[in-house]
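S.K.: Just to be clear, the model below is a prediction. Sequence and coordinates:
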Amino acid sequence: VKQKLEKEKKAQELKEAADAPFARYTTDPSLDNMYKGRSRWGDPMAHLVKKKENFDLAPVLPEGFKVEGSGFKIPQEVPKHSWLRR
């Protein structure tokens, strides 16, 4: 599901890039946001800037999507042979 949503998002970004003009100016808001979002190595003031994170707590599934009952089984206990028990 996540991979499918990522693929659709990437296709939408490529479509928007194809519709955009070839030349990009410094007043372009998408270019400005892209540069603001980058992390720069050696930036002494980077620790003072607070990044805005937008994330959903629960993913939004497309209409008609049904989760199969046979999903992954995740053990909730540490196995006896694990290095965490030593």
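M.R.: Sure, I can see it. Numbers count the residues shown, from 1 in each chain.

S.K.: could you list every residue that touches Val78?
M.R.: Leu84, Arg85 (CB atoms under 8 Å, 6 or more residues apart in numbering). For every residue, glycine as well, the C-beta is placed using N, CA and C.

S.K.: Gln3 versus that one, what's the distance?
M.R.: Between Val78 and Gln3 the computed distance is 29 Å (CB to CB, to the nearest Å).

S.K.: pLDDT averaged over the longest helix seen in the chain - what is it?
M.R.: Longest helix of the chain, by residue count under DSSP state H: helix 2-19. The pLDDT scores in helix 2-19 average 91.

S.K.: so what's Thr26 closest to, chain neighbours aside?
M.R.: Nearest non-adjacent residue to Thr26, counting by CB to CB, 6 or more residues apart in numbering: Asp32, 7.7 Å away.

S.K.: For the helix or strand where the one you found lies, buried residues please.
M.R.: Element membership for Asp32 (DSSP states H and E) is helix 29-37. For helix 29-37, a neighbour-count test (16 or more other CB atoms under 10 Å) marks nothing as buried.

S.K.: For it, C-alpha coordinates in CSV please.
M.R.: Below are the C-alpha coordinates for helix 29-37, written out as CSV (Å, rounded to 0.1, in the frame of the first residue of the first chain):
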residue,chain,number,x,y,z
PRO,A,29,8.2,29.3,-4.1
SER,A,30,8.7,25.6,-4.8
LEU,A,31,12.4,26.1,-5.5
ASP,A,32,12.6,28.3,-2.3
ASN,A,33,11.0,25.5,-0.2
MET,A,34,13.2,22.9,-1.7
TYR,A,35,16.3,24.9,-0.7
LYS,A,36,15.0,25.6,2.7
GLY,A,37,14.3,21.9,3.3
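
S.K.: now the angle from it to helix 2-19?
M.R.: Angle of helix 29-37 versus helix 2-19, following axes from the mean of the first three to the mean of the last three CA atoms, to 10 degrees, is 130 degrees.

S.K.: measure Trp83 to Glu77 for me?
M.R.: The spacing between Trp83 and Glu77, counted by CB to CB, is 15 Å.

S.K.: again with Val49
M.R.: Val49 sits 41 Å away from Glu77, taking CB to CB as the criterion.
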